[in-house]
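J.: Predicted coordinates and the sequence they were generated for:
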Amino acid sequence: MIHARGLTKTFGPVEAVRGIDLDVSPGEIVGFLGPNGAGKTTTLRMLTTLLRPTSGAAAVAGADLFADPAAVRRRIGYVAQGGAFAPFSPVGEELVLQARLYGLNREQARERVATLLAELDLPGVEDRTTVTMSGGQKRRLDIAMGLLHRPELLFLDEPTTGLDPQSRANLWDHVRRLRERDGLTVFLTTHYLEEADALCDRVLIIDHGRIVAAGTPDELKTEHGARTLDDVFLAVTGRELREGAAA
Amino acid sequence: MTALAALTGHYLRVSFTNKFSLVFSALQPFLYLVLFGPLFDRSGVGSWAVLVPGLLVQLGLTSAGMAGFTIVFDQRFGVLERLRVTPVSRVTLLLGRVLRDSVVLLVQAVAIIVAGYALGLRAPIAGVLGALLLTTVLSVGMASLSYTAALTLRQELFAPVMSTLVVPLMLLSGALLPMSLAPAWLDVVSRLTPFRYAVEGLRALFAGSYASSALVWGVVVSLAFAVLGVTLGTRRFQRENA
């Protein structure tokens, strides 16, 4: 579903991503972990066509990222970290507009929005604005926005940051259900390692723009003789930080 | 096409729901019409048919020129990014907004012309319709450049920079007093701005001189301005916002 080779991104003198290879198979839920500033969001923005890589090659959802970004856009959904709704606009109108941009007519768009909102436990919220909603509701709304056109692959950038444990567990259930029912492939970033452990089939850890560890949560724990993913994470990232502190 | 209609329709609904901004962005030219127009009419410089075309260009600057303000918020709330990740072409993403701004400006321009009539404006109907068309062309360029500026400048700079820029552009266009009164140097500077030609083209239409060179120049410069605006705007929409 994703095949990337040697992806890099430099901003002026700063090398944000320094040559990433990654492969994600259809139907997988893959967690993309790393410290703040490690290159997670930059990588995600490259894979979702929002940022042009400096070099490298990638096929996303079967389309070439460089040659045919429009085809990539048709096949993927992207849920950004900060959400996608203006605070004072009725959410139904925004969702219907988005659906129409993927080619649905007004009737189809309304139906699709109603169905999706019901599936995400948000029935009948069309006339409300996000100002009146809880953090968990807003996040599910963002996910609805990313699923309108039935993408094969969904990118979630820190989907559960700032949510309470119930809302987080609820969101995991929704993600699992989407994979089981629709065969959706999910590529998500998170800072919660127990989330990666519980939800993801496979985990990639990025640090300083390079992938420093990859495998199933259990493989990684075994490989590093660690009890939790937290321990693995601490072992493979922030080396410079620790060495700096020791020196 | 569907995407363009969906976008424009959506933005129009938003604009016509929020009537405050609809009135507010036309307030300045309207105030000039009511509080300055009667003086101008009796000044001996010209009649209402000279002033109102100038106010249409002023309207273009205050209404379409400040259109970029809306995209600053869309950018902040992730709305713009959500649109950019759809397969819709970048020029459509821009034009959806620009067409809304043109329709809004058209409604405001009609209101100003009608109010002008009540105050004593007399102009041939064909000329007025032509003027509305030319104002629309101008607004396409204005709004596109406004979005380009909004996506290029730092967010907090857009409003102060644009509202300051509008003043010299308006004065140099000769919208308030014809540039035929200007000393040579001011006349030269004025000719370097596109709005000078738009004002004179619109005045020719209001005067019924459909074959004048002023009108030809007004049309040519406004069209070129619109093409330039859309080209730059589309480029800005294509570029990644890192």
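T.: Yes, it's here. Source: prediction; values computed, not measured. Numbering: from 1, shown residues only, chains lettered A, B, ... in the order given.

J.: From here on, just use CA atoms for contacts and neighbour counts.
T.: Will do.

J.: can you list contacts of stretch A:181-192?
T.: Here stretch A:181-192 makes contact (Cα atoms under 8 Å, 6 or more residues apart in numbering or on different chains) with A:1, A:25-35, A:40, A:151-161, A:175, A:178-179, A:196.

J.: Determine the longest helix present in chain A.
T.: helix A:165-182 (DSSP state H).

J.: The next helix or strand after that one - which strands sit beside it in the sheet, and in what orientation?
T.: On the C-terminal side of helix A:165-182, the closest following helix or strand by DSSP states H and E is strand A:185-189. If you go by DSSP bridges, strand A:185-189 pairs up with strand A:29-33 (parallel), strand A:153-157 (parallel).

J.: Enumerate the positions of strand A:185-189 that are buried.
T.: Within strand A:185-189, the residues that qualify as buried by neighbour count (16 or more other Cα atoms under 10 Å in any protein chain shown) are A:T185, A:V186, A:F187, A:L188, A:T189.

J.: The first one and A:R177: what is the separation?
T.: Using Cα to Cα, to the nearest Å, we find A:T185 at a distance of 12 Å from A:R177.

J.: How about A:T54?
T.: Here A:T54 is placed at a distance of 36 Å from A:R177 (Cα to Cα).

J.: pLDDT weak spots in chain A?
T.: For chain A, applying pLDDT under 70 flags the ranges A:238-247.

J.: just to revisit the earlier point, higher neighbour count, A:T54 and A:R177?
T.: The neighbour comparison of A:T54 against A:R177 (other Cα atoms under 10 Å in any protein chain shown) goes to A:T54, with 16 against 13.

J.: Name the nearest residue to A:V96, ignoring sequence neighbours.
T.: A:A109 (5.3 Å; Cα to Cα, 6 or more residues apart in numbering or on different chains).

J.: Then B:V79?
T.: A:A84 (4.8 Å).

J.: so the one you found sits in a strand?
T.: No: counting by DSSP: H, G, I helix; E, B strand; the rest coil, A:A84 is located in no strand; its state is coil.

J.: now the end-to-end length of stretch A:69-86.
T.: Counting by Cα to Cα: the opening and closing residues of stretch A:69-86 are 26 Å apart.

J.: May I have the beta-bridge partners of the residue nearest the centre of chain A?
T.: The residue lying closest to the centre of chain A (Cα atoms, centre = their mean) is A:L156, at 2.1 Å. Beta bridges link A:L156 to A:V79, A:L188, judged by DSSP bridges.

J.: That one against A:A80, yeah?
T.: Yes: taking Cα atoms under 8 Å as the definition, A:L156 is a contact partner of A:A80 at 6.6 Å.

J.: A:G124: what's it in contact with?
T.: A:G124 touches A:A114, A:L117, A:A118, counting by Cα under 8 Å, 6+ apart.

J.: Now flag whichever of the residues you listed is closest to B:F158.
T.: Using Cα to Cα, A:L117 comes nearest to B:F158 of these, at 36.6 Å.

J.: who's in contact with the helix or strand encompassing that closest one?
T.: Element membership for A:L117 (DSSP H and E) is helix A:106-119. Helix A:106-119 is contacted by residues A:G92, A:L95, A:V96, A:L97, A:A99, A:R100, A:P123, A:G124, A:V125, A:L141, A:A144, A:L148 when judged by Cα under 8 Å, 6+ apart.

J.: Mind doing that once more with 6 Å?
T.: Contacts to helix A:106-119, defined as Cα atoms under 6 Å, 6 or more residues apart in numbering or on different chains, come from residues A:V96, A:A99, A:P123.

J.: What of stretch B:2-15?
T.: Residues outside stretch B:2-15 that contact it (Cα under 6 Å, 6+ apart): A:L101, B:T92, B:G96, B:R100.

J.: quick one: which of these is nearest A:V232?
T.: When the contacts of stretch B:2-15 are compared for distance to A:V232 (Cα to Cα), A:L101 wins out at 42.5 Å.

J.: how many other residues sit next to B:T164?
T.: Residues within reach of B:T164, counting by other Cα under 10 Å, total 11.

J.: Tell me the buried residues in stretch A:194-201?
T.: Quick answer for stretch A:194-201 (16+ other Cα under 10 Å): A:E195, A:A196, A:D197, A:L199, A:C200, A:D201.

J.: could you pull out the helices for chain B?
T.: So, for chain B - with DSSP H - the helices run B:2-17, B:19-24, B:27-31, B:37-42, B:48-59, B:69-76, B:79-84, B:90-119, B:125-152, B:158-173, B:184-191, B:194-207, B:213-238.

J.: Tell me which of the ones you listed sits nearest to A:D231.
T.: Relative to A:D231, the nearest member of the helices of chain B by Cα to Cα is helix B:79-84, separated by 35.1 Å.

J.: For the nearest residue to A:L33 once chain neighbours are set aside, list each beta-bridge partner.
T.: Leaving aside its chain neighbours, A:L33 sits nearest to A:I205 (4.7 Å; criterion: Cα to Cα, 6+ apart). Legend: beta-bridge partners of A:I205 under DSSP bridges are A:L33, A:A213.
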